[in-house]
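Trainee: Take this sequence and fold it.
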Amino acid sequence: MTTIRSELDPVGLDELAGPEPATALHPVPLHVVGRRPEIDLVAAERAVADLLVALGRDPHSAHLAETPRRVANAYAEMLTPREFELTTFPNDEGYDELVLARSIPVQSLCEHHMLPFQGVAHVGYLPGERILGLSKLARVVELFARDLQVQERLTKQVADWLQDQLAPKGVGVVIEAEHQCMSLRGVRAIGSRTVTSALHGMLRDSPSSRQEFFALTGISSAT
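Mentor: Numbering: from 1, shown residues only. Now for the predicted structure:
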């Protein structure tokens, strides 16, 4: 069976390249690679050392000597999504009700302060001709979360990508997250969570489907 190796645009993360697309009608497994700009670990280490100096710290002290390397490696890990196969299966039984994965862990980096935000994602879809391996919903969240992000864009990227690749009757994504740029600095709103949503198809256009999705995620929504 043919495997498509696809790389995502490092800026928009919404374009796929490959000899043929994986759609609801075409059961080709998609090998997904989150392409990012190459990380220069040596330069990153130097930058962290320079930052320590700028903050009045000695990067050569016993406690900080390995800190530049550790920080550079940590950011490289947080900005690099794991590859995966987007596995789909024929919807032979004609299942036409909502499929929802709740409380998928989300960890990402705020692009404004480079501080983490973390929480959970609720990802659901109304199947068309194919259904998705459930673990892949979490993989797609990670694909876009391991980047410098804002929550609004992250939410929309996950929903748009699933709509484009799975061709379902509807897609819904809700992300609830606490941002350390709000809880550790500035207003210091510890415990405050930001909620964002993105909807496509019937989950956007049908009031009853929309209401069911938000009810199952635990988020109330007026019809």
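Trainee: Okay, buried residues for stretch 105-113 please.
Mentor: For stretch 105-113, the neighbour count (16 or more other Cβ atoms under 10 Å) marks 106, 108-110 as buried. C-beta: built from backbone N, CA, C; applies to glycine.
Trainee: any chance you could map the strands in the chain?
Mentor: 4-7, 30-33, 84-86, 88-90, 99-110, 116-126, 130-132, 148-149, 170-179, 194-201 (DSSP state E).
Trainee: which of those is buried the deepest?
Mentor: strand 170-179 (a mean of 24; mean count of other Cβ atoms under 10 Å).
Trainee: Can you show me the CA trace of that strand as PDB?
Mentor: Extracted C-alpha coordinates of strand 170-179, given in PDB (Å, rounded to 0.1, in the frame of the first residue of the first chain):
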ATOM      1  CA  GLY A 170     -18.800  18.200  10.300                       C
ATOM      2  CA  VAL A 171     -15.800  19.000  12.600                       C
ATOM      3  CA  GLY A 172     -15.700  20.700  16.000                       C
ATOM      4  CA  VAL A 173     -12.700  21.600  18.200                       C
ATOM      5  CA  VAL A 174     -12.700  23.300  21.600                       C
ATOM      6  CA  ILE A 175      -9.600  24.100  23.500                       C
ATOM      7  CA  GLU A 176      -9.500  25.100  27.100                       C
ATOM      8  CA  ALA A 177      -6.100  26.300  28.300                       C
ATOM      9  CA  GLU A 178      -4.300  28.200  31.100                       C
ATOM     10  CA  HIS A 179      -1.600  30.600  29.800                       C
END
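Trainee: Report the angle between that strand and strand 194-201.
Mentor: Going by axes from the mean of the first three to the mean of the last three Cα atoms, to 10 degrees, strand 170-179 is angled at 170 degrees with respect to strand 194-201.
Trainee: measure E178 to P105 for me?
Mentor: Between E178 and P105 the computed distance is 13 Å (Cβ to Cβ, to the nearest Å).
Trainee: Export the buried residues of stretch 105-113 as TSV, with columns for pLDDT and distance to T155.
Mentor: Converted to TSV, the buried residues of stretch 105-113 look like this (pLDDT from 0 to 100; distance: Cβ to Cβ, whole Å):
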residue	pLDDT	distance to T155
V106	98	10
S108	97	11
L109	97	15
C110	96	14
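Trainee: where along this protein do the helices fall?
Mentor: Per DSSP state H, the chain carries helices over the ranges 41-54, 67-78, 135-145, 151-166, 180-183, 202-205, 207-217.
Trainee: mean pLDDT for the ones you listed: which is lowest?
Mentor: Among these, helix 180-183 has the lowest mean pLDDT, at a mean of 90.
Trainee: So which bits of that helix are buried?
Mentor: 181-183.
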